[in-house]
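Peer 1: I'll drop the sequence and a predicted model, then ask my questions.
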Amino acid sequence: MSRRINVLFLPPRDQEMWVPWVDDVIAAVSPNHNLTLLDYTRPLAPQFKNQEMVIDFGGSMGTREMVDAAHDARLWQVLGTGLDHFDLDYWRSKKMPVANAPGPFSAVALAECAMMFILMLTRHYNQAVANLKQLKMYKPVGQELIGKRLAMIGFGASAIELAKRAGGFGFKLSAIDIRNISPAEKQEYGLDFAGYPDDMDKVIAEADIVSLHLHLNQETRHTIDARRLALMKPSAYLINVARGALVDEDALVKALQEGKIAGAGIDVFGKEPPDLNDPIFALPNVITTPHIAGVTDGTSCKRAGCAATNADRLAAGLEPLYRVD
Amino acid sequence: MFRIWFERGLPPIYAHLIQDQAVAVGPGRLNPDVDLIAQAGAQAVIASSRVRYDGGFFDRAAHVCVVSRTGIGYDNISVDQATERGVAICVTPDAPTISTAEFAITLMLTVLRHVKSAEKMLRGTERRDFFSEYVGLEAHGLTLALIGVGRIGSRVAQVARALGMRVLAYDPFITPERARELDIELAPTLEFALGQGDVISLHVPLSPETRHLINAETIAQMKTGAYLVNTARGGLADQAALYRALTDGKLAGAGLDVFDPEPPEPGHPLLNLDNVVATPHIAGASMQSKDRLWEQAISQALMILRGERPPHLLNPQVLPRLAERRARALGNRVENSNVSSEKSPATDLRA
C-alpha cells in the first residue's frame, strides 16, 4: 500500500454547486489521501504548504497567486476538460505539471445532451410547451430522426458517444476531424463519411444536424461563421455543447432570424453567463441551457475518479496520467 | 376511376396518392352528411374520428366497401355492423410508431436533465453561478422499465439500448424470443418492473383493465426518485395520485404528453411543476408519421377496391360479404363512370 499524500481541493466558490462535485471528490480521494478544501477567505500560503497535489474545479478556481504559493505541489489536476480559460502558459513557466480530466470522463453526458437538443428541436419543444399552456392540442408537427444526416465536427470522445446513440435512432453519420479517422472506426461507429477539415463545407451542406465537438483554440474559434451557416440547409439545426466561441454568435442570430437555418441547441456561450438581452434568447427556435451538458452525476463521479487515480499514481511514484502542460 | 370520400378533405400534398386511380368525391368539411357521401357514390371513405360509422351509415352509403382510418383508434366505427354488411375496416397502426418512440425518449432525456429548471435558471432573474447547481442524470446505465412492448415499446427499447440503458419490460404478450431479439429483460410482474425502473415508460392501450394502471398503490411500488414517461394515454395514470407523488418527493419527475381529459383543464397543477415536462399530445405528430398515415390509409382503401387484402384489415372475416358488396358497388361505378369528370355533382360537393 502506497503512502497517503496531501491533496488540496479548490472547490467551486458557490456552495450551491458543491453537490455533487465536492462530495464526489471527497468520496474518491479521501479514503487513500489527506484531502483539504481551500478556504478562499484565509491566506493562501499556509494552506498550500505541504500540499503535494492540487485539484482545481473546472480549472477556473486557480490563480497565479495560488500556483506561486504551491511550492510543494507536483501536480495541478484540473477537474474538467477544456483549458481555453486556463492560463496554461503561466503554469508552464512555473514548471507546474498540469493534468485535465479528458473527454471520455464527460463524453456520455455531452452526447446525451446533444441528443436531447436534437430531439427537442426536431419536435419543436418550445412551441409544444407554449401550445399546451394555451390548451392547443396535437400540434406542432415535428420531424422523425430516422434517415436524417448528422454531421459531427470533431470526432473525439463525445462525438463517438453521440455517434453510438444517433446510430440507434437510424441517423446517417458524417464526421470531420484533424486526425485520421480509421476505416475500422468508420465501420465501428457506422460513419458513412469521415473527412478532414477541408471536407467540412461539404459535410455541413449535406447535414440535417450539425453538432460541434471541438476544443476551443485559435484554429477552431468561429469554426461556424456566417459563410458556413449559409452553407447549411434551411431545415438544418446546429448543436453546440462544446464552447460558445466555436460559433460566431452574431452570425448565428442573424442566420436564425433570417431562416437560413431552422434552429439551434445551445448550451455554451462566448461570454458566460451570457447577457440575457442577447437576441438569441428571444428566438423561438432556439433551446438554451446554462452550460450543463457535461454536468451529470456520471461526469462528476468519473472526474473525481480521474483525480483520485492521479493522486494514487503520485503516491506510488508514478507519472500522472492526462498531462497537458 | 374509384370514388373516395375524404372525411376531412384530401390535403393537396397527398393528391398524388390517388392520381390515375381514384377521384376525391368530397371532403366532409361541412357537417359530415351521410346522404352526401351516398349521393357522391363513394366506394371508400378515408375516415378521421369525427363521423360515426355504424350500420345506419353503411345501409345508406350503399356503395362504400371500405372505411380506412388515418389512425389507430376506431372508437367511431362499429366494426361488427360493418362486418355484417360487408364493409372492410382498415387502420394504420404502424404510422406513428417511430415518432412516438422518439418522443418518449425526448421526454425521458428532458426530465432526466431537469431541462425545465435549467432553462428557468438561465433565463430567470435571480441569477446564481452560471453552471447549474442542478445536476442532471445520465440515461446511460439507468434501468428503463417499459410497460408494454408492442410496436412503440419495441422501438423505444431499441433506442434505449443504444443509449446504454438496461431495458426491463413487462408485457404478458411478449415471447422470450422476441425479448432476446430486442436484447431486453422480461419482468415477471408489473410490480417487479415498477420496482426496478429508474425510468418507467408506458406503452399500453387504454382499456378498462389499464385505466389508472398508475395509481397510489402502484406508485408506492416504484423506486423513490423514479421518473415516469407517458406518451400513451392520459387515463393510464391517476393524475391526482401522480401529482402527489411528484410533489412529495416519491417521483423525481415526469414527462407527460397525454392527459385525462384532453385538453387538460386550464391551470392544471401538473403542468406547473418544475419537474414535469408537459406537451400537447404530439408524440405521434411528425411529418413522416403523417405521410405514413395517409399513404397507408389510401393504399389500403385502394387495395380493397382492387380486390386485394390490405395488411391492417381489422375484420378479415368480412371478406366473403365484402366480395358481394364490392361487386354491387363497382358495378355501379361502371354505370357512373362518366360522371367522375370535373363537372360531376360529386366534384361540386368540394366547393
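Peer 2: Thanks, I have it.
Peer 1: secondary structure class for A:A307?
Peer 2: Of the three states, A:A307 takes helix according to DSSP: H, G, I helix; E, B strand; the rest coil.
Peer 1: that one: neighbour count?
Peer 2: Here the number of neighbours of A:A307 (other CB atoms under 10 Å in any protein chain shown) works out to 28. To be clear about C-beta, it is placed using only N, CA and C from the backbone, and glycine gets the same treatment.
Peer 1: I figured it hits A:A101, correct?
Peer 2: Yes: using CB atoms under 8 Å, A:A307 makes contact with A:A101 at a distance of 7.1 Å.
Peer 1: need the residues touching each of the two.
Peer 2: Common neighbours of A:A307 and A:A101, using CB atoms under 8 Å, 6 or more residues apart in numbering or on different chains, are A:Q77, A:L79.
Peer 1: which stretches in chain B count as strands?
Peer 2: For chain B, the strands defined by DSSP state E cover B:2-6, B:22-27, B:44-47, B:66-69, B:88-90, B:143-147, B:166-170, B:185-186, B:199-202, B:226-230, B:251-256, B:276-278.
Peer 1: now tabulate these in JSON lines and tack on mean pLDDT, distance to chain A and mean neighbour count.
Peer 2: Listed next are these as JSON lines, based on pLDDT from 0 to 100; distance: least, CB to the nearest CB, whole Å; neighbours: other CB atoms under 10 Å in any protein chain shown:
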{"stretch": "strand B:2-6", "mean pLDDT": "93", "distance to chain A": "19", "mean neighbour count": "26"}
{"stretch": "strand B:22-27", "mean pLDDT": "85", "distance to chain A": "19", "mean neighbour count": "23"}
{"stretch": "strand B:44-47", "mean pLDDT": "95", "distance to chain A": "17", "mean neighbour count": "29"}
{"stretch": "strand B:66-69", "mean pLDDT": "97", "distance to chain A": "16", "mean neighbour count": "28"}
{"stretch": "strand B:88-90", "mean pLDDT": "98", "distance to chain A": "22", "mean neighbour count": "26"}
{"stretch": "strand B:143-147", "mean pLDDT": "98", "distance to chain A": "13", "mean neighbour count": "26"}
{"stretch": "strand B:166-170", "mean pLDDT": "98", "distance to chain A": "12", "mean neighbour count": "22"}
{"stretch": "strand B:185-186", "mean pLDDT": "98", "distance to chain A": "18", "mean neighbour count": "17"}
{"stretch": "strand B:199-202", "mean pLDDT": "98", "distance to chain A": "13", "mean neighbour count": "27"}
{"stretch": "strand B:226-230", "mean pLDDT": "98", "distance to chain A": "13", "mean neighbour count": "27"}
{"stretch": "strand B:251-256", "mean pLDDT": "97", "distance to chain A": "9", "mean neighbour count": "25"}
{"stretch": "strand B:276-278", "mean pLDDT": "97", "distance to chain A": "6", "mean neighbour count": "24"}
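Peer 1: looking at chain A, which helix or strand is least sure?
Peer 2: For chain A, the helix or strand with the lowest mean confidence is helix A:18-29, at a mean of 91 (criterion: mean pLDDT, DSSP states H and E).
Peer 1: got the buried residues for it?
Peer 2: A:W18, A:P20, A:W21, A:V22, A:D24, A:V25, A:I26, A:A28, A:V29 (16 or more other CB atoms under 10 Å in any protein chain shown).
Peer 1: again, but for stretch A:92-112
Peer 2: A:96-112.
Peer 1: could you confirm whether that stretch reaches chain B?
Peer 2: Yes: for stretch A:92-112, a contact with chain B is found by CB under 8 Å from any CB of the partner chain, at A:V108, A:A109, A:E112.
Peer 1: show the average pLDDT along that stretch.
Peer 2: Regarding stretch A:92-112, the rounded mean pLDDT is 96.
Peer 1: chain center to that stretch: distance?
Peer 2: Remark: stretch A:92-112 is offset 10 Å from the chain centroid, using CA atoms, centre = their mean, to the nearest Å.
Peer 1: for stretch A:31-48, same thing?
Peer 2: Put simply, stretch A:31-48 sits 28 Å off its chain's centre (CA atoms, centre = their mean).
Peer 1: cool, and stretch A:226-239?
Peer 2: Using CA atoms, centre = their mean, the offset of stretch A:226-239 from its chain centre is 22 Å.
Peer 1: would you mark the buried spots in it?
Peer 2: Residues A:R228, A:L229, A:L231, A:M232, A:K233, A:A236, A:Y237, A:L238, A:I239 are the ones in stretch A:226-239 that count as buried (16+ other CB under 10 Å).
Peer 1: so how far is A:K164 from the closest residue to B:R151 other than its chain neighbours?
Peer 2: The shortest distance from B:R151 to any residue other than its chain neighbours is 4.5 Å, reached at B:T97 (CB to CB, 6 or more residues apart in numbering or on different chains). Per CB to CB, to the nearest Å, B:T97 is found 22 Å from A:K164.
Peer 1: quick check: residues of the stretch 101-250 of chain A near chain B?
Peer 2: Residues of the stretch 101-250 of chain A lying near chain B (CB under 8 Å from any CB): A:108-109, A:112-113, A:115-116, A:119-120, A:123, A:125, A:128-129, A:131-133, A:135-146, A:164-165, A:167-169.
Peer 1: which other helices and strands does the helix of greatest length in chain B contact?
Peer 2: Assignment by DSSP state H gives helix B:287-306 as the longest helix of chain B. Using 3 or more CB pairs under 8 Å, 6 or more residues apart in numbering or on different chains; DSSP states H and E, the elements in contact with helix B:287-306 are strand B:2-6, strand B:44-47, strand B:66-69, strand B:88-90, helix B:97-112, helix B:319-335.
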